[in-house]
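1. What would the 3D arrangement of this be:
(one chain, ligands or ions: 1)
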Amino acid sequence: MSHSLTLPFQAQRDFVEKGSLAATVTVPGTAIETTPHFAMEPLLAVKNVHLEYATDKSIVRATHDVSFNVYPSDRFILLGPSGCGKSSLLKSVAGFLPPHSGTIELDGKVVSKAGPDRVVVFQEFDQLAPWKTVKQNVMFALLASRTLGKKEAAERAEHYLHKVGLNRFFDAYPHTLSGGMKQRVAIARAMAMEPKVLLMDEPFAALDALTRRKMQEELLALWEDTKFTLMFVTHSIEEALVLGNRILLLSPHPGRVKAEINSHQFSLDSAGSPEFQATAQRIHHLLFNEQA
Ligand SMILES: Nc1ncnc2c1ncn2[C@@H]1O[C@H](COP(=O)(O)OP(=O)(O)OP(=O)(O)O)[C@@H](O)[C@H]1O
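-> Next up is the predicted model:
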């Protein structure tokens with residue numbers, strides 16, 4: 001599904017620079033809201049995607065006919081109940097799970113395998129190589145993908161480790177780090193690849209509430225800095241609202257698009273506001289099939 005409106009050039013620039021505009025248009029007869037994206041082409045186009053797993057006993061359908069577009073600098077959230085296919089969609093965009101039918105296009109090219117233009121940060125703390133230092137972990141992906149030579153990879157690793165506040169830990173080994181610090185390394189490693197889309201699968205779900213909040217703040221600060229394109233999976237309505245500018249709501253298993261919501265008006269400070277609470281309630285109703 002693609003909804004685009006034409007706005008003047010300055011408004012288009014505002015969108016690119018700020019990542020979103022205040023204007024919201026609701027598509028008549030649907031629960032889909034759209035921020036005008038002008039004549040801008042989507043960076044990522046997911047079209048009518050059915051995802052399936054073949055098990056010994058049966059075929060498990062993970063998603064049914066899912067379509068959405070992600071635009072440059074979007075912070076696009078996949079939100080839905082457990083088992084609705086959020087992680088499967090992320091895996092499919094990453095190139096690990098080919099669609100049973102439908103297509104996924106990045107920059108107009110069909111995604112058929114994993115590539116350095118899509119990097120995933122997972123929830124697990126064990127995604128780092130334990131025998132490598134923090135800096136070596138960040139450099140490894142750059143070297144293995146032949147993105148950079150050794151000297152440039154070292155410089156880029158240091159640059160992104162600075163950005164996530166780990167400049168004093170270049171030579172530390174993962175087992176000496178807290179869960180939050182390990183996730184910062186994983187984020188630095190992913191950002192160092194400078195992917196077209198950064199994919200995050202509940203990266204903060206295993207952290208305590210205070211660290212989770214801090215990591216959300218840091219992720220938004222990183223986004224303010226470089227305006228990267230983010231696709232982020234969560235089942236927390238609050239996390240979706242504070243981190244995302246657009247939220248795709250998926251129905252329970254198998255996941256179908258239930259609604260698309262604009263959330264660019266919210267920040268980490270708006271969690272207690274009446275508007276935030278009302279939107280959270282509305283999402284809750286939409287997710288649980290009550291009238292919004
Ligand atoms: N490797 C697999 N083999 C078979 N079925 C699978 C596999 N991975 C996921 N599934 C099934 O696909 C459906 C979607 O799973 P998925 O993990 O994508 O959902 P999710 O929304 O990310 O869930 P959660 O929020 O609990 O992580 C579920 O029914 C799940 O049991």
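
2. Let me know whether residue 62 touches residue 53 as I believe.
-> Yes. Taking Cβ atoms under 8 Å as the definition, residue 62 is a contact partner of residue 53 at 6.4 Å. C-beta here means a position set from N, CA and C on the backbone, and glycine is covered the same way.

3. which one of these two has more residues nearby?
-> Higher neighbour count among residue 62 and residue 53: residue 62, with 24 against 12, using other Cβ atoms under 10 Å.

4. Shouldn't the more buried one be within a strand?
-> Yes. Secondary structure of residue 62 (DSSP: H, G, I helix; E, B strand; the rest coil): part of a strand.

5. Against the ligand, how distant is it?
-> Using Cβ to the nearest ligand atom, to the nearest Å, we find residue 62 at a distance of 4 Å from the ligand.

6. that older thread, now do the shared contacts for residue 62 and residue 53.
-> The contact sets of residue 62 and residue 53 overlap at residue 88 (Cβ atoms under 8 Å, 6 or more residues apart in numbering).

7. Close to the ligand: what parts of the chain are there?
-> With Cβ under 6 Å from any ligand atom as the criterion, the chain comes near the ligand at residues 53, 55, 60, 62, 80, 82-88, 235, 253.

8. go again using 8 Å as the cut-off
-> The chain comes close to the ligand at residues 51, 53-55, 60-63, 78, 80-91, 201-202, 233, 235, 250, 253-255, as judged by Cβ under 8 Å from any ligand atom.

9. ok, which stretches of the stretch 1-150 of the chain are helices?
-> Counting by DSSP state H, counting those that start in this stretch, the stretch 1-150 of the chain has helices at residues 9-18, 86-94, 134-144, 150-163.

10. Which one, of those, ends up nearest to residue 124?
-> Nearest to residue 124 among the helices of the stretch 1-150 of the chain is helix 86-94; the distance by Cβ to Cβ comes to 12.0 Å.

11. Tell me which other helices or strands that closest one touches.
-> In terms of contacts (3 or more Cβ pairs under 8 Å, 6 or more residues apart in numbering; DSSP states H and E), helix 86-94 is packed against strand 44-54, strand 59-70, strand 75-79, strand 101-106, strand 118-121, strand 197-201, strand 230-234.
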